[in-house]
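*Asks:* Have a look at this prediction, sequence included:
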Number of protein chains: 2
Amino acid sequence: MTGTPGRSRRSPDHVTIVDVARHAGVAVSTVSYVLSGKRAISEVTRTRVLASIRELGYHPNAGARALASRRANTIALVLPLRAGMQVPVVMQFAIAVVTTARRCDHDVLLVTSDEGPSGLRRIAGSAMVDGMLVMDVELDDSRVPLLRDLTRPSVLIGVPADPTGLTCVDLDFHRAGQVCVEHLARLGHRRVALLGAPAAVYDRGTGFAHRTRAGVAAAADRHGVTVVTQPFEEGPASIRQELAALLDRHPDLSALVVQNEAAVGPVLACLPTLGRRVPQDMSVVAICPDQFAEQAAPRLTSVPVPAEEIGRQAVALLMRKLHDEPVPEVTLLPPRLTIRDSTAAPTVQVRR
Amino acid sequence: MTGTPGRSRRSPDHVTIVDVARHAGVAVSTVSYVLSGKRAISEVTRTRVLASIRELGYHPNAGARALASRRANTIALVLPLRAGMQVPVVMQFAIAVVTTARRCDHDVLLVTSDEGPSGLRRIAGSAMVDGMLVMDVELDDSRVPLLRDLTRPSVLIGVPADPTGLTCVDLDFHRAGQVCVEHLARLGHRRVALLGAPAAVYDRGTGFAHRTRAGVAAAADRHGVTVVTQPFEEGPASIRQELAALLDRHPDLSALVVQNEAAVGPVLACLPTLGRRVPQDMSVVAICPDQFAEQAAPRLTSVPVPAEEIGRQAVALLMRKLHDEPVPEVTLLPPRLTIRDSTAAPTVQVRR
DNA sequence: GCCGGCCGTCGAAGCGCTTCGACGGCCATG
DNA sequence: CATGGCCGTCGAAGCGCTTCGACGGCCGGC
């Protein structure tokens, strides 16, 4: 009674490839080739091996596999620590990444930005992951030079100032800003405000905020629309104040472009109390998750942030890089405007 | 020009422990012991080795380490796929987990529930992780028996019907329900409604929903409060309808306990339009993230869900299990009631 | 002054897997 | 009928690390 003979002396319930090989009456390498498909194996052998695998409940040891094959079949997902406003987007994105990665037989290691560059270096150096997805990339991000140098491929969510030598995916926020303004212009609006992210986000050099602002400005120019752009804080009380102040300074505003998930709900709630019904007195276009827009009252005309698609794309790009296939440096997803109930022609055509 | 001699013939920039040992003029095992601290090493050797490590930019290969030591220094975090309502909580939780795990020198593998039990089996079997954190555990969860059998330790967030042989952490939702009602009772409220999660959540057998309901009922009983409990859907339009219907059926309701993050904002917005000012005509207590409660208007009296602390606790418990230390089966965190501006004594003392 | 221990270091044996070269058969070909 | 390939399988050499036993010195105790 000193343990099953022929079983390695180690932990009782740990099945290795050796056990499978013995059980199927083949060489270890044959089992390996059955699993990887890298060499032809006769149907009969294949079947027998697979049966043994199932019967024994064998699962390849990931560490050993990574060591021998030099591929971990794992990718890193680097998320921003500060769980601020864009939580739902981040979550949707993360889920899409995990799901897509699993479909490509990869697992996902979750890393937070707060370890900073050295964290990335550690992850990459330890060969835990074959590549990395980095979210929340800023225009002038300290991690960018590092990523450029790293041997392991990476894909960025967001586009830094200089994307040379990188691979980036994002919504085309510049076009998104344009699309919003164009829609409003077409309805006849001439005085529009952009309620953007908190000032800190702009200061941090966050790409999407700047790009949207630029897009809005460009479209406004082209369509003879005057646009007031202003950062927008998220404090509980402050929203109402800010909004009131804004309307005070610019009483002829007839439409709002809101790019601030956290603010959009309160803004909608405040507008009626400030004497502006939506959409009769004030049109509102949001750049926010679709779910948000659907659930707001009234339902919001919006440009959704396609977190899920960005996630899928990012993984797909990374996989192609892992296979040494060429990929574009920047992939911008086209914005889609969904018209709902929060926009209408202005009641009174202001001037013109 | 056939590569640096003395360097392994492999990828040019891959530093191994052999390189470090050679550079420092010691044995490989010595380097290992310097890193692990498992044997005494003279100060002078230690310093020299560490210098070499830094100079060469050495990072231990995670796979090799896992293989040899039989510990991956990684834990799995199993999150619910359906990114429904509790997104901010999940996110806060995940971040706390990653941060805490890193502090214990562990990484986090992100897994979604949709792989189901077989996913857990795969992760565990492949030895990618030393243990797992499983969120969103339901009263009668199909993964529970599996987790009980698994060789690898796990910690559940949420408490299944039978927690025997498991390790669970959660907010004490039963007490949380009680605390809310007690607060209202103390203010003089006698007719209270519990606006819970959507019916589907109850049907699914989600522990926290049931436990809160039970706690509310128990406290109501004890304090002579009548309580109407009703699931609460989240549709955009439906909230107002449901609320109106509820007030219609129970016009003497003077307080609400809301356990539905997604609904709390809209509910607050609707109440005034239904002729109920908060808190003069209707008190509201919420069970929701603190941030939410702070930002609502009026600021909400609430029992926060301490996602961050749950995350920390969960990791701590798992680490103790990894070290074979005993841990309690169920850890319930005490609820804390934070009184803000949404509760007050009822204007008219109903009966009594 | 000798010996037992301890301290610091080394060498080697794996951990479980992949992959490469080798090697028997078998079939098709000349 | 010999020959060359190809197909399917095997054995063995690592992948980079941990860990165990061994082994010299050195110190203190008797």
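*Replies:* In hand now; what should we look at?

*Asks:* Report the secondary structure state of residue A:257.
*Replies:* Taken by DSSP: H, G, I helix; E, B strand; the rest coil, the conformation at residue A:257 corresponds to strand.

*Asks:* what about it, how many neighbours?
*Replies:* 30 (other CB atoms under 10 Å in any protein chain shown). Every C-beta, even on glycine, is put in place using the N, C-alpha and C of the backbone.

*Asks:* ok, now which ones touch it?
*Replies:* Shown in contact with residue A:257 (CB atoms under 8 Å, 6 or more residues apart in numbering or on different chains): A:177, A:180-181, A:184, A:192-195, A:216, A:285-287.

*Asks:* for residue A:272, same thing?
*Replies:* With CB under 8 Å, 6+ apart, residue A:272 has these contacts: residue A:278.

*Asks:* ok so, going back, adding neighbour count and pLDDT, write the contacts of residue A:257 out as CSV.
*Replies:* As requested, the contacts of residue A:257 are arranged in CSV below (neighbours: other CB atoms under 10 Å in any protein chain shown; pLDDT from 0 to 100):
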residue, neighbour count, pLDDT
A:177, 30, 97
A:180, 30, 98
A:181, 27, 98
A:184, 30, 97
A:192, 26, 96
A:193, 24, 96
A:194, 26, 96
A:195, 23, 94
A:216, 29, 97
A:285, 30, 97
A:286, 28, 96
A:287, 28, 95
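
*Asks:* from those residues, which is closest to DNA strand C?
*Replies:* Taking CB to the nearest atom of the strand as the measure, DNA strand C sits nearest to residue A:287 out of those, at 44.9 Å.

*Asks:* give the contact list for the nearest residue to the closest one once chain neighbours are set aside.
*Replies:* Among residues not flanking residue A:287 along the chain, residue A:259 sits closest, at 4.3 Å (CB to CB, 6 or more residues apart in numbering or on different chains). The neighbours of residue A:259, taking CB under 8 Å, 6+ apart as the test, are A:194-197, A:209, A:212, A:286-288.

*Asks:* If we use 10 Å, what do you get?
*Replies:* Shown in contact with residue A:259 (CB atoms under 10 Å, 6 or more residues apart in numbering or on different chains): A:173, A:176-177, A:180, A:194-197, A:201, A:208-209, A:212-213, A:216, A:229, A:232, A:285-288, A:303, A:305.

*Asks:* what's the closest of the contacts of residue A:257 to residue A:75?
*Replies:* Closest approach to residue A:75 among these (CB to CB): residue A:287, at 28.1 Å.

*Asks:* quick one: that closest one from residue B:115, how far?
*Replies:* 33 Å (CB to CB, to the nearest Å).

*Asks:* residues from the stretch 101-250 of chain A in reach of chain B?
*Replies:* Selection of the stretch 101-250 of chain A residues close to chain B by CB under 10 Å from any CB of the partner chain yields A:101-102, A:107-112, A:114-115, A:119, A:121-129, A:149-151, A:234-237, A:239-240.

*Asks:* Restricted to helices, list those residues.
*Replies:* Assignment to helices by DSSP state H places the following of those there: A:101-102, A:119, A:121-125, A:149, A:239-240.

*Asks:* Among these, the buried ones, what's the PyMOL command?
*Replies:* This is the PyMOL syntax for the buried subset of these, where burial follows 16 or more other CB atoms under 10 Å in any protein chain shown:
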select buried, chain A and resi 101+102+119+121+122+123+124+125+239+240
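
*Asks:* which two in the ones in helices among the residues of the stretch 101-250 of chain A next to chain B are spaced the farthest apart?
*Replies:* Of all pairs drawn from those, the one with the longest distance (CB to CB) is A:125 and A:240, at 49.9 Å.

*Asks:* that older thread, restricted to helices, list the contacts of residue A:257.
*Replies:* Among the contacts of residue A:257, the members found in helices (DSSP H) are A:177, A:180-181, A:184, A:216.

*Asks:* Reformat the residues you listed as TSV; add distance to DNA strand D.
*Replies:* Output for the ones in helices among the contacts of residue A:257, formatted as TSV (distance: CB to the nearest atom of the strand, whole Å):
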residue	distance to DNA strand D
A:177	48
A:180	52
A:181	55
A:184	58
A:216	51
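
*Asks:* Now the two most distant members of those.
*Replies:* Maximum pairwise distance among these (CB to CB): 11.2 Å, between A:177 and A:184.

*Asks:* Now do the shared contacts for the two.
*Replies:* Shared contacts of residue A:177 and residue A:184 (CB under 10 Å, 6+ apart): A:216, A:219-220, A:227, A:257.

*Asks:* For whichever residue of the stretch 101-250 of chain A sits closest to chain B, list the residues it contacts.
*Replies:* Distance from chain B to each residue of the stretch 101-250 of chain A (CB to the nearest CB) is smallest for residue A:125, at 2.9 Å. For residue A:125, the contact set (CB under 10 Å, 6+ apart) comprises A:118, A:150-152, B:13-15, B:57-62.

*Asks:* For it, report the pLDDT, please.
*Replies:* For residue A:125, the pLDDT comes out at 94.

*Asks:* do residue A:278 as well
*Replies:* Here the pLDDT value assigned to residue A:278 is 93.

*Asks:* Any idea how many residues pack against it?
*Replies:* Neighbours of residue A:278 under the rule other CB under 10 Å: 22.

*Asks:* Over to residue A:211?
*Replies:* Using other CB under 10 Å, residue A:211 has 22 other residues around it.

*Asks:* so what's the closest residue to it other than its chain neighbours up against?
*Replies:* Computed as CB to CB, 6+ apart, the closest residue to residue A:211 that is not its neighbour in sequence is residue A:173, at 4.0 Å. Taking CB under 10 Å, 6+ apart as the criterion, residue A:173 is in contact with A:158-159, A:207-216, A:259, A:287, A:303, A:305, A:332-333, A:335.

*Asks:* No further questions, thank you.
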